[in-house]
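A.B. asks: Next input, structure requested:
(chains A and B)
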Amino acid sequence: MLTFIMRRVAAGAILLVVITVIAFSLLYLGSGNIARTIVGQNATQEVVDRKAAELGLDRPLFVQFWDWLTSAVSGDLGRSWFNGQLVAVQLSSRLAVTLSLVIGAILLTAIFSVILGIFAARRGGAVDGTVQFLSILGFAIPGFLIALFLVLIFAVNLHWFKATGYVPLATSFTGWLSSVTLPIVALAIGGIATISQQVRGSIVDGLSRDYVRTLRSRGLSSNRVLYKHVLRNAGGPALALLAVQFIGMIGGAVIVEQIFALPGIGSLTVQATSAGDIPMVMGIVVVTAIIAVVVNLLIDLAQAALNPKVRLS
Amino acid sequence: MIRWNKAAAATALAVTAALALSSCAGGDTGSDERGATLTLVALSAPVTFDPAGSEWGNRSPFYQAVFDTLLLATPEGTIEPWLATEWSYNDDNTVLTLTLRDDVTFTDGSKLTGDVVATNLLRYKEGTSPNAGSFASVTSVEAPDDTTVVITLSAPDPALLNYLTRDAGLVGAEASLESADVATTPVGSGPYSLDTASTVTGTSYTYTKNPNYWNPDVQHYDSLVINVLTDTTAVLNTIKAGEANGVKLNSNDTAAEVEAAGWTLSANELDFQGLLLLDRAGEMNPALGDVRVRQAINYAFDRPSMLTALQADRGTVTTQVFPASSSGYDPDLDEYYTYDPEKAEELLAEAGYADGLTIAMPSMSVFGTTVYALIAQQLADVGITVEATDVPVGNFVGDLVAPKYPASFMALEQNPDWQLIQFMIAPPATFNPFHSQDPQVDDYLQQIQFGDDATQASVVKELNRYIVEQAWFAPFYRVAGSFATDPNTTVEMLPSNIYPAIYDFQPKQ
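C.D. replies: Presented below is the predicted three-dimensional model:
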């Protein structure tokens, strides 16, 4: 097991280096007149040159990358070119917002997917049909449309929630809840639609297996067979899908954060990439890559815990 | 089944509780605090709070909240005392002497003195503010005593007083300027101070009232929040949900919806949009060196239709780059070139381009695709083909001033006269990248720079007419920059800035 973890960590580290090299090269090639962008259209060429020198842009690409990499390894991701703030500081405050959304959405996805999946699989008939129809609807409607619909109904018309902006949890719990509920629901609906179908399919498939018949013949109750055996087997694929959803939601948060004007990683990504704030974009790339690697590792471990066969493979 | 019912009941209870809690929260952010807190929406966040890196325009409220300027620009278009109570020039307008207030204290407890102001002005000149070049003619700044500052210039600068009403005139406490946190923790003498603990950089800025402010008459609120919203939908949702008091609209497309929500729109016409015919000597495209070709381009555009199509009729068609607030403004020049494609074709034929010509221009996603389609279509109608190159947003201005294109569509701010001249007409101006020079223009510029007020006013008018006749530009219209206020708030627009002064927001009585 330890070798398995070590191997995955090493692969993750290599992946990180490859990603940073590619990202840095692409960003640098597209940066063009970044010093002019920073100081604006009114600035004289002298001011532009002064800014470029101040940012070290007059040095060769390799030197810039090497400086960035050696600092990043020690935890220093540099400063934003546009607001002078430490990238690590800004990322940590933004990450709290995005993780609020994504973790909330994943929890909601996991809970409702399992409930709906079991409900549809056990009841069958019209109930199953309805759940399937709603799932297809939730899957087919784009997340941003769901977000717009939610904000229009529950924030603009009913004033139940905030339409825009974020209230930190430390400032006010109710304010925080008011600012994250709609974005979480908007993010979760697509995931619930996907995973509830997966759970339903796995349960239906599981219930028709021979081992279920055997267990029943030994006198185990239906609930015990379902929750202790069938659901456990269905959990592995669902967990893998949940991991993909988690990583996908960090990307999906871009649109939701824009619509709700939330100061998360998504909106920061849009701002930083459109402005050409390379240190900030590199910080985002590194953090999201680390999250992806860690989540995959955790899911592998969870699957191994659920199913011993995974450990053997 | 019993278990399921319990689970369903528990879920329903949790959801109801959450809704009730958040419903309370929604209510809290509304009426109770209205009047006590002014919540504004801006389109862009400040790059830095260091006064030496500051800029104005859409970012002005962030700075104005915490810093004072030496002079004040008013909604009436005048320049009034602020930190400086009096000012005077020497005979040849090369030495400006300012008298400072003696009762101003920064929020760190230090006093405003001549030395502090001199330090700020010299830092600005050496800094990386986009407008740092406006101090190019400043040769020295001295403070003979605590209430006097003397600015010496290498040559007269008729825009200097205006500069001191903006970013160049911001004054920060001396100790803070040497601090490592100068970019993030501003210390000024302004009506509010930045609450860094409640501020999320780039997104939301919270300010609290400065209890020791020297001019409490302009502190109309106990606190100030400025949220940065760039997304049009989010801006509209904020307005409809009543989550702000004043919002700068990023597009006139939403104006009707904003008014339908019960908000009031105020507007000024600060920017013009149109073509910059940069290659006036024909270095890159010989055709543009012929004034008849440049005039033909001006005759090719149906400006009223473009205003309707692109700005929902919110603005004024024009063919001049000087604004209505300028002493050089001439109402006749708003319609100097009317839509006349036949005349355009005649002029092109006279210039030897009866078979048409091609002009390379850059395009950028920020302006949308419609404007470029209209430009290409209207020029094609008179025989001019546009060779468009899509340029990344970050490179657009850099490519223009490089210069890499002989002409381009652009939106430019119409500053006060001398500032505008230094921005887009004088040989070294940023938006005169080919350094176009004309003896007649040079003569006008000389007279404006060294003349008295009356001379400046009359010569700017002559310069304006000459620039229009020579078709240095092909402006389409001045765009109405709209600012929305909720039913509880009033505001007065400035003629010289896109964002109103924070002193001019007041709770409606």
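
A.B. asks: So for B:P144, what pLDDT did the model give?
C.D. replies: pLDDT recorded at B:P144 is 97.

A.B. asks: list the contacts for it?
C.D. replies: Applying Cβ atoms under 8 Å, 6 or more residues apart in numbering or on different chains, we find B:P144 in contact with B:G114, B:V150. Just so you know, the C-beta spots here come from the backbone N, C-alpha and C atoms, and that holds for glycine as well.

A.B. asks: and the gap between it and B:A42?
C.D. replies: Using Cβ to Cβ, to the nearest Å, B:P144 is found at 39 Å from B:A42.

A.B. asks: ditto for B:P61
C.D. replies: 6 Å.

A.B. asks: Touching both of these two, which residues are there?
C.D. replies: In contact with both B:P61 and B:A42: B:I226, B:Y499, using Cβ under 8 Å, 6+ apart.

A.B. asks: Could you list the low-pLDDT ranges of the stretch 351-500 of chain B?
C.D. replies: B:394 (pLDDT under 70).

A.B. asks: mind running it again at 90?
C.D. replies: Within the stretch 351-500 of chain B, the stretches with pLDDT under 90 are B:364-369, B:391-402, B:413-416, B:419, B:423, B:428-430, B:452-453, B:481, B:495-496, B:498.

A.B. asks: With the stretch 151-300 of chain B instead?
C.D. replies: Answering for the stretch 151-300 of chain B: the residues below the bar, that is pLDDT under 90, span B:180-181, B:183-184, B:197-204, B:228-234, B:250-256, B:270.

A.B. asks: Now do the buried residues in the longest helix seen in chain A.
C.D. replies: Across chain A, the helix with the greatest residue count (assigned by DSSP state H) is helix A:87-123. For helix A:87-123, burial by neighbour count (16 or more other Cβ atoms under 10 Å in any protein chain shown) applies to A:87-88, A:90-91, A:93-102, A:104-106, A:108-110, A:112-122.

A.B. asks: Tell me if it is near chain B.
C.D. replies: Yes: Helix A:87-123 comes into contact with chain B (Cβ under 8 Å from any Cβ of the partner chain), by way of A:Q90, A:S93, A:I115.

A.B. asks: in chain B, what residue is nearest chain A?
C.D. replies: Chain B approaches chain A most closely through B:G398 (2.6 Å), counting by Cβ to the nearest Cβ.

A.B. asks: Locate that residue within the secondary structure: which element?
C.D. replies: Assigned by DSSP states H and E, B:G398 belongs to helix B:393-401.

A.B. asks: Pull the distance from that helix to the chain's centre.
C.D. replies: With Cα atoms, centre = their mean, to the nearest Å as the basis, helix B:393-401 stands 18 Å off its chain's centre.

A.B. asks: just stretch B:140-156 next, same as before
C.D. replies: Worked out by Cα atoms, centre = their mean, stretch B:140-156 lies 28 Å from the chain centre.

A.B. asks: tell me how far the ends of it are from each other?
C.D. replies: One end of stretch B:140-156 sits 14 Å from the other (Cα to Cα, to the nearest Å).

A.B. asks: For it, buried residues please.
C.D. replies: Buried residues in stretch B:140-156 (16+ other Cβ under 10 Å): B:V141, B:A143, B:T147, B:T148, B:V149, B:V150, B:I151, B:L153, B:P156.

A.B. asks: need the contact list for B:L310.
C.D. replies: Contacts of B:L310 (Cβ under 8 Å, 6+ apart): B:Q273, B:T370, B:V371, B:L374.

A.B. asks: ok, now with 7 Å
C.D. replies: Going by Cβ atoms under 7 Å, 6 or more residues apart in numbering or on different chains, B:L310 touches B:T370, B:V371.

A.B. asks: And it, what's its pLDDT?
C.D. replies: 90.

A.B. asks: And the residue of chain A found nearest chain B, how far from B:M424?
C.D. replies: Relative to chain B, the nearest point of chain A is A:N33 (2.6 Å; Cβ to the nearest Cβ). For A:N33, the distance to B:M424 equals 19 Å [Cβ to Cβ].

A.B. asks: B:E346 now?
C.D. replies: Distance, B:E346 to B:M424, using Cβ to Cβ: 29 Å.

A.B. asks: again with B:A296
C.D. replies: In terms of Cβ to Cβ, B:A296 sits 22 Å off from B:M424.

A.B. asks: now A:P168
C.D. replies: Distance of A:P168 to B:M424, given as Cβ to Cβ: 44 Å.

A.B. asks: quick one, which of the two is more surrounded?
C.D. replies: Using other Cβ atoms under 10 Å in any protein chain shown, the more surrounded residue of A:P168 and B:M424 is B:M424, with 22 against 16.

A.B. asks: which residues sit in contact with residue 52?
C.D. replies: If you meant another chain, say so; for now it's chain A. Residues in contact with A:A52 (Cβ under 7 Å, 6+ apart) are A:A35, A:D58.

A.B. asks: Oops, wrong one, chain B.
C.D. replies: B:R123, B:Y124, B:G127, B:S129.

A.B. asks: Next, the buried residues of stretch B:481-491.
C.D. replies: The neighbour-count check on stretch B:481-491 (16+ other Cβ under 10 Å) flags B:G481, B:S482, B:F483, B:A484, B:T485, B:D486, B:T489, B:T490, B:V491 as buried.

A.B. asks: Can you tell me which of these end up in strands?
C.D. replies: When the buried residues of stretch B:481-491 are checked against strands (DSSP state E), the matches are B:G481, B:S482, B:F483, B:A484, B:T485, B:T489, B:T490, B:V491.

A.B. asks: Adding distance to chain A, write the residues you listed out as a markdown table.
C.D. replies: Shown next, in a markdown table, are those (distance: Cβ to the nearest Cβ, whole Å):
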| residue | distance to chain A |
| --- | --- |
| B:G481 | 17 |
| B:S482 | 19 |
| B:F483 | 18 |
| B:A484 | 15 |
| B:T485 | 17 |
| B:T489 | 18 |
| B:T490 | 23 |
| B:V491 | 21 |
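
A.B. asks: Break down the stretch 201-313 of chain A into its helices, ranges please.
C.D. replies: A:210-217, A:222-224, A:231-259, A:265-275, A:278-306, A:308-312 (DSSP state H, counting those that start in this stretch).

A.B. asks: surely B:A65 meets B:A501?
C.D. replies: No: taking Cβ atoms under 7 Å as the definition, B:A65 is not a contact partner of B:A501, at 10.3 Å.

A.B. asks: Show me the common contact partners of these two, please.
C.D. replies: Between them, B:A65 and B:A501 share no contacting residue under Cβ under 7 Å, 6+ apart.

A.B. asks: most tightly surrounded among the helices of the stretch 201-313 of chain A?
C.D. replies: Across the helices of the stretch 201-313 of chain A, averaging neighbours per residue (mean count of other Cβ atoms under 10 Å in any protein chain shown) puts helix A:265-275 on top, at a mean of 23.

A.B. asks: With only the CA atoms kept, save that one in CSV.
C.D. replies: Presented in CSV, the C-alpha positions along helix A:265-275 are these (Å, rounded to 0.1, in the frame of the first residue of the first chain):
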residue,chain,number,x,y,z
ILE,A,265,-10.5,30.8,-7.8
GLY,A,266,-12.8,30.7,-10.8
SER,A,267,-13.3,34.5,-11.0
LEU,A,268,-9.7,35.0,-10.2
THR,A,269,-8.8,32.7,-13.1
VAL,A,270,-10.8,34.7,-15.5
GLN,A,271,-9.4,38.0,-14.2
ALA,A,272,-5.8,36.8,-14.2
THR,A,273,-5.8,35.1,-17.5
SER,A,274,-7.6,37.9,-19.4
ALA,A,275,-5.2,40.4,-17.8
